[in-house]
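1. With the input below, show me the fold.
(chains A and B)
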Amino acid sequence: MRRAALVALALAAAPAAAVADEPAPWLFPRRVPMPTTLAMRVEPTTTPAATAAVAPPTPTTTTTTTTTTPTPPRRRRRAAAPRREPAPPRFTAQLALGMAVDGANLRNLTGAEPPIGITTAGSDFEAGKNFRPARSYAFGEAFLGSRGLAVPGISAYLASRFRLAPATGLTPPLVDGWDRVDPVQVQSAWTEADGVIDTGPLRTLRIRGGRQFLYGPAVAHVDGLAVAWSTRWLKLGAYLGSRVPDWNTASFGNEPRRLVSGGEVALTLREGPRPLTVRLRGLRYDGGDHGDVTVDWVPRADVALTLTSRAADGAVARHRLGVRIRVSDETRLAFEADLRRRADWLWDYERRDDDPSRPRRYLDLGPTLPRTTVRARAGTVLLDNIDALIFAGLAFDGSRLDDTPSYAAAGWAEGGGAFEIRMRRTVAVTLSGLARVYSRKDAIPAVVVVDQENQIQTLTWPTSNVGERNLVEGGAQVRFTGGARKFSASAEIYARRTRYARLYLDDAVAEPLAESIDPLTDTVIHGGGRFVFEAWISPRLRLRTEYELSNRFAAAPEIAGLKALRIIAEGRY
Amino acid sequence: MIALRVLATAAVATAALACSRAAPPPLPPPTAEPDRFPHPAHAQLACTPCHDGAAALAGVAQMPGQDDHAACDGAACHQAAFTQPPGPLCRVCHQAVDVVAVGASPLRVYPAVDGLRSLPSKFSHAVHLDNANIESAVGFNVGCTDCHEVDAAGQPATAGHRACVRCHADEVGLVDAPAMSTCAACHLTGVAARTPRRLIVRDVRFDHGLHGADARGTPIACSTCHQDSRAAATDGRLPKPPLAACVACHDDPDRVPITKRMRVCETCHASISLTFGALAPRSHLPATERPIDHTLAFRRDHGREAADGKRCSRCHTQMSGSTDNACDECHQTMRPGDHNLVWRETDHGQEAIADRDRCATCHVADACSACHQQRPRSHGPAMSFAGADHGDVARQNPAACITCHDVAADCLPCHGAVP
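-> Numbering: from 1, shown residues only, chains lettered A, B, ... in the order given. The predicted structure follows:
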């Protein structure tokens, strides 16, 4: 009652004008000595500051007191900063340096008569004169990335690789795409501004300039500028640049680097966990127009449907339907249907057809013929330890009889699977297999050509009927791992048996015995092994050694198989 | 030159955008519970005017003010505040103040459950779990439950004065050890010394009572999880149990039922479940495994999960971490498992014919012609190959010939003219 009376008295006497200046009690801790005993210590001399710290508040009203109460700084900061939090600054660098040795020993075929059916081409080689049984070279990769280091929202990325090999003019043991290209390849080198504008409609603007890959109707590698902007419902993008001729060589370097331009409009018709998006993309290159429309729909949780139709120069070129079902983290189903039409490009947007005016590319995949492909894949983990994947596919050759025959357009049916079995916590065995049967429209010739030595014979077999009939492949791998980023080792063996059409017989073989002893067999077995050792000698430094070897190739009897050794040191920061 | 111009333009554009961004205002200095009772600000006082010294010596820490605010409303302190309407000073201890009704001014929880400790003790687990040292001092070893009493539900309590007083009571007379009457011997001052009260925060749920033994019945010692507590010199440096300790058991089918395995997020998290775009961080994963969804099937179908490159860049350090157009950052460098030596020499052709789209995931046509424009080794360096030896090779696999050669242009001029 005594306190209530005092409060009432204070309320009655408090002048209204004084309430605004009520000093809040100083509640922030200060560093002062702590008493060391329970005994009362002598009170220090009161200073003005200390007095202010413990000064009683002046009379005030309840309402005013509430408004002048200091708001916790954290709460105030949240209220004033509604914008999205920028990604934490990051700098990454990864450098891999390696040394490799490729080898292919020549077989000694110059002495005695080579076995029947074995080519004598090997006799034309001479190690050190026109052939190198072994070649060593250095190679490496470098990646640099930064995000928001100097300026928030600014990123940069560089990805490059190189190979340094002595140029001797001799035939190398293993042909490599690097042999006639620049020793340094820059894959990506771009700077990106994303979210540098805090507020307003441009806060989602993203600009990336430099060498980059762009994903539209086709993957384009360009030196250029890409701009994207998005809202909750709409995404717009556009890009312009000159095409980067990957793996281009001096002989093709004279080709003009034509402009690539394109754009994208994506409309999100439904948000949330089951979004529905319609996307239109276009690409223009060298007078050719490419575009696709994609409907991406998630009708149920963890079920995604994607339907894409692509057009080239106004003609429908391709339809694709993909269904992805994630039953659980480990169980997935995938179905794909693909309908390729004649208007589809030959390989990619840059090679729509075999333009005779361009330099010969030495890779003929034949004309683009209709083909329908259906695939299905299913994967899961059985018994908590067996990672299983099975797949099957069918491809139907949709060409007409009056089409130019092409062995590259054959239909096929395949099936296969892989199983990764964890035997121990550190040891896993992987088994894989594949079987494929080809279906060709033109029949195998009834009469097999009997090869007559040193005579030029007429090619009577249909040129399209030279491909594989079927193939069977199998592989096994044993892998030991001591833990993530520690030590691991694996050994792998694999083999593929390919059966071709029987087109030839050697004239040295008696006809009745041809089926049994003809060395020109229609079956070829390729196989090899791979051994990998990988060790993290520090949290950021990895050493890796790979050794591969193969069996003797039937189509390359001059060598006794291939070998390759690669040693890589990789640092990550 | 075009590339240089584009790069220059991009640099200028990005720099201009960067300059247009206003610098954020400086943030206030961090404070801990600024509106709670500041012990250091009262350091000129001893402890006993506020805290009951007798209770403290008996192992009980009482909240001040129970005697009609006797400690605070002294004439030299805050008496004036008690003559005025309820203000900030009241809210230091009370949630709300009703000056009329008795018992209608509930107290705030102090210390806050998930807040920071004021005057934390500088308790050293390292000293108290040093068996030799403790045994020489008090004649017996100290176990975890000696201080952290376990209730009927198996939940260990936070150690308090009651646990300390057993050994540190003044009458025990420990040598070189603080006595209960010497507050500052244990309690630190200053903001920096404040430490979190709880290690289990946010949506993490952990029941100590369920972790007394594993599925086999083998008891789980406290040090199985609290591995570094024995070495903690101060309570403020008491580390959280490492997640590796969780993984070690929760990935062992013999010790944990399958419904409580590490891959089941709901075991520990109340509001997390795996989706297409989310994945447990690497620290939650068994040391010998990849992320749980990185199965063989994932290697074939991961485009949807990888649409946001941020997730990939957690482990794949060659990636930029950009959220758009980042597929190439892996696909340009990581070879598929079947790209072995034989594949490189021969078998890739069969796969390219069967499904060229798979190749186009990483390769453009230039990559093919870079190899295919070179003279094959089988063709030999001499003219003899063109004359006669090519037949030996061609008979083995004519498809290999027409990969590069046009039959009409290259073969039939010789082989078509002979009747």
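2. how about the residue of the stretch 51-200 of chain B found nearest chain A, secondary structure?
-> Nearest residue of the stretch 51-200 of chain B to chain A (C-beta to the nearest C-beta) works out as B:Ala80 at 2.9 Å. Quick note: C-beta positions are derived from backbone N, CA and C, even for glycine. Recorded secondary structure, B:Ala80: helix (DSSP: H, G, I helix; E, B strand; the rest coil).
3. any idea how far it lies from A:Gly282?
-> 77 Å (C-beta to C-beta, to the nearest Å).
4. Just give the number of residues close to the residue of the stretch 51-200 of chain B closest to chain A.
-> By other C-beta atoms under 10 Å in any protein chain shown, 16 other residues sit near B:Ala80.
5. And for the one 3 residues further on?
-> In terms of burial, B:Thr83 registers 16 neighbours under the definition other C-beta under 10 Å.
6. How about A:Lys441?
-> The number of residues packed near A:Lys441 is 16, by other C-beta under 10 Å.
7. My guess is it contacts A:Leu401. True?
-> Yes: applying C-beta atoms under 8 Å as the test, A:Lys441 and A:Leu401 come out as touching, 7.4 Å apart.
8. And for the closest residue to chain A within the stretch 251-400 of chain B, nearest residue in space, chain neighbours not counted?
-> Residue nearest to chain A within the stretch 251-400 of chain B: B:Ala297 (2.3 Å; C-beta to the nearest C-beta). Distances taken as C-beta to C-beta, 6 or more residues apart in numbering or on different chains put A:Gly379 closest to B:Ala297, at 2.3 Å, once the chain neighbours are dropped.
9. Secondary structure element for the one you found, which one?
-> strand A:371-382 (DSSP states H and E).
10. Show me what the strand ranked longest in chain A packs onto, helices and strands only.
-> Secondary structure of chain A per DSSP state E: the longest strand is strand A:523-538. Contact analysis of strand A:523-538 by 3 or more C-beta pairs under 8 Å, 6 or more residues apart in numbering or on different chains; DSSP states H and E lists strand A:487-500, strand A:541-550, helix B:341-342 as its packing neighbours.
11. Please settle this for me: is the residue of the stretch 251-400 of chain B closest to chain A part of a strand?
-> No: applying three-state DSSP, one finds B:Ala297 to be helix, outside a strand.
12. Check it and give its pLDDT.
-> The per-residue pLDDT reported for B:Ala297 equals 88.
13. Poorly predicted segments of the stretch 151-300 of chain B, please.
-> B:188-199, B:235-237, B:263, B:272-283, B:285-290 (pLDDT under 70).
14. between the helices and strands packed on strand A:523-538, which gets nearest to B:Asp151?
-> B:Asp151 lies closest to strand A:487-500 among these, at 45.4 Å (C-beta to C-beta).
15. relative to strand A:541-550, how tilted is the closest one?
-> With axes from the mean of the first three to the mean of the last three C-alpha atoms, to 10 degrees defining the directions, strand A:487-500 sits at 30 degrees from strand A:541-550.
16. May I have strand A:487-500 exported as PDB, CA atoms only?
-> Extracted in PDB, the C-alpha atoms of strand A:487-500 (Å, rounded to 0.1, in the frame of the first residue of the first chain):
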ATOM      1  CA  PHE A 487      42.900 -42.700 -48.800                       C
ATOM      2  CA  SER A 488      41.200 -44.800 -51.400                       C
ATOM      3  CA  ALA A 489      42.300 -47.300 -53.900                       C
ATOM      4  CA  SER A 490      40.500 -49.100 -56.600                       C
ATOM      5  CA  ALA A 491      41.100 -51.800 -59.200                       C
ATOM      6  CA  GLU A 492      38.900 -52.300 -62.200                       C
ATOM      7  CA  ILE A 493      38.700 -54.700 -65.000                       C
ATOM      8  CA  TYR A 494      36.400 -54.500 -68.000                       C
ATOM      9  CA  ALA A 495      35.800 -56.100 -71.300                       C
ATOM     10  CA  ARG A 496      33.500 -55.600 -74.300                       C
ATOM     11  CA  ARG A 497      32.700 -58.200 -76.900                       C
ATOM     12  CA  THR A 498      31.400 -56.800 -80.100                       C
ATOM     13  CA  ARG A 499      30.100 -59.000 -82.900                       C
ATOM     14  CA  TYR A 500      30.200 -57.600 -86.400                       C
END
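17. Just checking: what are the partner strands of that strand?
-> Strand A:487-500 sits in its sheet next to strand A:468-481 (antiparallel), strand A:523-538 (antiparallel), going by DSSP bridges.
18. Thank you, goodbye.
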